[in-house]
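> Coordinates for the following, if possible.
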Amino acid sequence: MPSLSSLFRRALNVGDTSSQQQTSSPPTASTSQRRGSNASGHSNSHFSMKRQQHVRPTPPATPTASESHPQQSRRSEDHGERKSTFGRSFRFGSRSRERRSSPSPHRQPFSPSQLSQPEPPVAQSQISQSIPSPPNSLPSSPTNQSPPPPISPQPSVTAQSPPTLNIREPLPPIEEKKKVRGEAPPLPAKIKYSDPEELAKKYLEYAERLLFGRKGEEYNEKKAVKYLKKAAFKNGGHAEAQAVLGFCYEFGLGVAQDFKSAENLYICGAIKGIGLAQSRLAFLRRYGRPTVKIDRVEAEEWFKRCNEVGASCISWLRRAADDDRHPAANYCVGVCYHDGIGVQQNADRAVAYYVRALEAGTRQGDEDDEGKGFKVVPDVYCILGFCYGEGFGVPKDTGRAFDLYVQAAAYHESVSMYNVAHCYEEGIGVERDYDQAVEWYQRSAELGNCYAQNSLGYMYEEGLGVERDEAKAAQWYTLSAEQGYPWAQCNLGFCYQNGIGVPKNEELGSYWYQMAAVQGHSRAQHNLGHAYQYGIGVPKDETFAVEWYRQSSSAGNAFAMHSLGYCYQYGIGTAIDEPMAVEMYRRSAELGHAPAQLSLGCCYRSGVGTEPDLVQAFKYVRLAAVAGNDLAQNTLGHFYEEGVGVAKNVMRAEKWYRAAAEQGNVWALTNLAVLYGEGGSSTAGSEDEDRGVARRRDEAMAMLTEAAGRGSLEAQVRIGEMLVREGREFERAVVHFEAAASGGSIDATFQLARCHELGIGTPVNLARALELYEYCAAAGDARSGEKIIGIVMGLGLSNGGTQGEGDWSRWLQDGWVPPAA
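Model (predicted):
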């Protein structure tokens, strides 16, 4: 008998001709060149930002003061996509944007210590051993580290009653169908059918009567599960019965909730075309659940299958929701309208089903109240919290959203516990409290919630509400990444690439970037492109780099737009196209990406891909500087000092040089030192025309010395020039010129040649001077060509030279011509 894995892949790829039309995927590197593969498969670069919050790039080369160089990025500016309700994105606010205040008064913190210790996740093997096991979808952990120990149990409280909902009026009507409830005899204990398929159908029919109370039967979920197992596991298994049994395991109907068993059963039904199984598997693969791995490539395939079939794909759910008023079915139909699974997206209808699910749940789920009504579905509180938080089908109310999350968390629902933590972390609908956020994240993470595991890793890495511990951060990222959560995979890749909490391993870093990138995660796509551009953990391949940048930028990633523009400007992995570079810089700049604003300003100044426009250059450089980009701050200081696109103003120049220097920009420190060493005044008519910068020789020398110690060749040159200008310590000046010249500085080489020519700090040596001038002239320095002519013509010799040094015949034989630059 074929394995479930082979059946599943066959169903996706070769089951029918329509399924063979796969959506195109980004290029991937050979798996032989890194660990892992790209078989599984979802959803900003230069400097700044974190996981989903910040970026910590390590540039492969030091950018110049006038040019920002695209780099790897870590997380988006928005701390939101790592937030989820039932798994969907949860975007109340952003760390990089102005925070929205809650429209409701702050509430007193609600601690998870008020809840009873949740039950541990149900073991995978709690259903009949005849359920086929799916392929092992969790990769081995790259580390052998275990998560922190669980927190101790706490006293329990009774679940709160649901808060009053403020739904938009009128809600669109849901089609009402008359219930058919007639007396029907129970299924005989022993039924004789020659056809096993007919027997399985009878078992399924009777199980549904027990599950929903149809045809006069009393609700009996446990007995329903008993008959579902008979239908699902005997004689090869009835596909629809397997799907319905998976539904029971997912929502804990007559059996302990077990997401892994639900996943197994849904796979069995989905590959045989059962709509219920396909629609629920599409949801679980997109959003995940404890023990169920996220795979957004596979999820999109199931979404596609459902939408090809249309509304009939969810007919079983619609009957259970509309005819039987079952809360779990109403919740699932609401999700279908929410995400567009088999039906068109419709926020109002989604909320209508969510509300009906909330109203239909009357039983807490205890064993002693079996048959007293339908069981409460905590997920409904959570998804309604999302709707209020986003204003999806209801008026936006973050305070009410928080209330609903707390209500669901009282049932130990892990996604709601996670969202309660997020609200505390961001101050959404409740006063910000990092300690409470960590406690709630811990609870949810220990239940296996991958979103909470990723966020808890973030809290440990940043030291928010807990002592900073990068090793624990990496542990939690690993647990989340192995469940397929793309943000955690991207974060873990960054940790491995930079040795944060784990031994540095660039190959593993690129592997985890790829695992997230193939799921459509735009940040990981950008980072993977960066890895290919510079050969970090993968073979260098600039063509692949550009392709990944394109994938990421098409998803709206500002970092990738900037990196792609850089490739177009300099012909990296693609033909040079300066107008296209400017266009990509512009798109990224319009999204507020400071490095792109700087690059666009530099293009306007130099006329690269556009007409020169100094006013526009000043505008975009200033935008980037105000946003805190140190390269832009240094460039803006230069614009003010030289009057580029704005009136000359040395006071403003000093301000921006200092701002950049305080961020560690050595170019700005050198420029500030030069300004102090020379002094200056503002242009007449400027705001500070009566004010200037006084000469501060000692302070300037101290700054230059510091900059030189940090590797600035320009600072070395400036120290030498200052000493020569002051007429002292010539030997020291020569030492600085030699140090900078050995680093490749043409200015330093010219000054060193001048010292040898004139005997400044060293004996006169015209041969050495000419040699150095010739080197500078070959590099395009016009002054050096003039010097060579002057020295040779001044000597007036055809053979030999003053002081017996050198052979000058080669300079005079045919006349000297400066070498081409």
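
> Every contact and neighbour count from this point should use C-alpha atoms.
Will do.

> can you map out the helices along the stretch 201-350 of the chain?
In the stretch 201-350 of the chain, the segments counted as helices under DSSP state H, counting those that start in this stretch are 221-233, 239-251, 259-270, 275-287, 296-309, 315-322, 327-339, 347-360.

> other SSEs contacting the following helix or strand past the last one?
Sequence-wise, the next helix or strand downstream of helix 347-360 (DSSP states H and E) is helix 378-390. Helix 378-390 makes packing contacts with helix 347-360, helix 398-409, helix 414-426 when contacts are defined by 3 or more CA pairs under 8 Å, 6 or more residues apart in numbering; DSSP states H and E.

> what angle separates the last one from helix 378-390?
Going back to what we said before, that points to helix 414-426. 30 degrees (axes from the mean of the first three to the mean of the last three CA atoms, to 10 degrees).

> what's helix 414-426 in contact with?
83-87, 93, 379, 382, 402, 405-406, 408-409, 428-434, 436-441, 443-445, 447-449, 451-452 (CA atoms under 8 Å, 6 or more residues apart in numbering).

> mind checking pLDDT for Gly237?
pLDDT, Gly237: 87.

> The stretch 651-800 of the chain: strands as residue ranges?
Assigned by DSSP state E, counting those that start in this stretch, the stretch 651-800 of the chain shows strands spanning 680-681, 692-693.

> what about burial for the contacts of helix 414-426, which qualify?
83-87, 93, 379, 382, 402, 405-406, 408-409, 428-434, 436-441, 443-445, 447-449, 451-452 (16 or more other CA atoms under 10 Å).

> now, which of those residues lie within helices?
379, 382, 402, 405-406, 408-409, 434, 436-441, 443-445, 451-452 (DSSP state H).

> Grab the nearest non-local neighbour of Thr291.
Sequence neighbours aside, Lys260 is the residue nearest to Thr291 in space, at 5.8 Å (criterion: CA to CA, 6 or more residues apart in numbering).

> And for the residue lying closest to Thr749 once chain neighbours are set aside, the neighbour number?
Once flanking residues are discounted, Thr749 sits nearest to Ala741: 4.9 Å by CA to CA, 6+ apart. Ala741: 21 surrounding residues under other CA atoms under 10 Å.

> contacting residues around Ile572?
542-543, 546, 566.

> What strand or helix carries it?
Using DSSP H and E, Ile572 sits within no helix or strand.

> ok, now how distant is Trp487 from Leu669?
37 Å (CA to CA, to the nearest Å).

> And these two? Which one has more around it.
Each of Trp487 and Leu669 has its neighbours counted (other CA under 10 Å); Trp487 has more, 32 against 26.

> got any ranges where the chain has weak pLDDT?
Applying pLDDT under 70 to the chain picks out residues 1-194, 363-372, 680-692, 795-821.

> what do you get if the cut-off is 80, keeping everything else the same?
Residue ranges of the chain with pLDDT under 80: 1-195, 235-236, 361-373, 679-694, 793-821.

> Tell me, how many residues neighbour Ser784?
By other CA under 10 Å, 24 other residues sit near Ser784.

> Spit out the contact partners of Glu611.
Glu611 sits in contact with Tyr604, where contact means CA under 8 Å, 6+ apart.

> Quick check: it is in a helix.
No: Glu611 is assigned coil when assessed by DSSP: H, G, I helix; E, B strand; the rest coil, not a helix.

> Now do the closest residue to Asp747 other than its chain neighbours against Leu770, distance only.
The shortest distance from Asp747 to any residue other than its chain neighbours is 7.2 Å, reached at Val717 (CA to CA, 6+ apart). Relative to Leu770, Val717 is positioned 20 Å away (CA to CA).

> what do you get for Arg586?
47 Å.

> Using TSV, please lay out the helices of the stretch 201-350 of the chain together with mean neighbour count and distance to Ala733.
Output for these, formatted as TSV (neighbours: other CA atoms under 10 Å; distance: least, CA to CA, whole Å):
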stretch	mean neighbour count	distance to Ala733
helix 221-233	23	88
helix 239-251	26	78
helix 259-270	27	73
helix 275-287	26	65
helix 296-309	20	63
helix 315-322	19	84
helix 327-339	25	70
helix 347-360	22	74
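
> still on that earlier bit, out of the contacts of Ile572, what pair is the most spread apart?
The distance between the two most remote of the contacts of Ile572 (CA to CA) is 13.5 Å, for Thr543 and Tyr566.

> of the two, who's got more company?
Tyr566 (26 against 17).

> where's that one, which helix or strand?
helix 558-570.

> buried stuff in that helix?
558-569.

> Can you add distance to Thr291 and give those residues back as a markdown table?
Converted to a markdown table, these look like this (distance: CA to CA, whole Å):
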| residue | distance to Thr291 |
| --- | --- |
| Ala558 | 34 |
| Phe559 | 33 |
| Ala560 | 33 |
| Met561 | 36 |
| His562 | 38 |
| Ser563 | 37 |
| Leu564 | 38 |
| Gly565 | 41 |
| Tyr566 | 42 |
| Cys567 | 41 |
| Tyr568 | 44 |
| Gln569 | 46 |
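
> quick one: contacts for Leu464?
Residues in contact with Leu464 (CA under 8 Å, 6+ apart) are 434-435, 438.

> that older thread, which one's more surrounded, Val717 and Leu770?
The neighbour comparison of Val717 against Leu770 (other CA under 10 Å) goes to Val717, with 28 against 24.

> so how far is Arg214 from that one?
Applying CA to CA, the value for Val717 to Arg214 is 90 Å.

> Having no further points to raise, I will conclude here.
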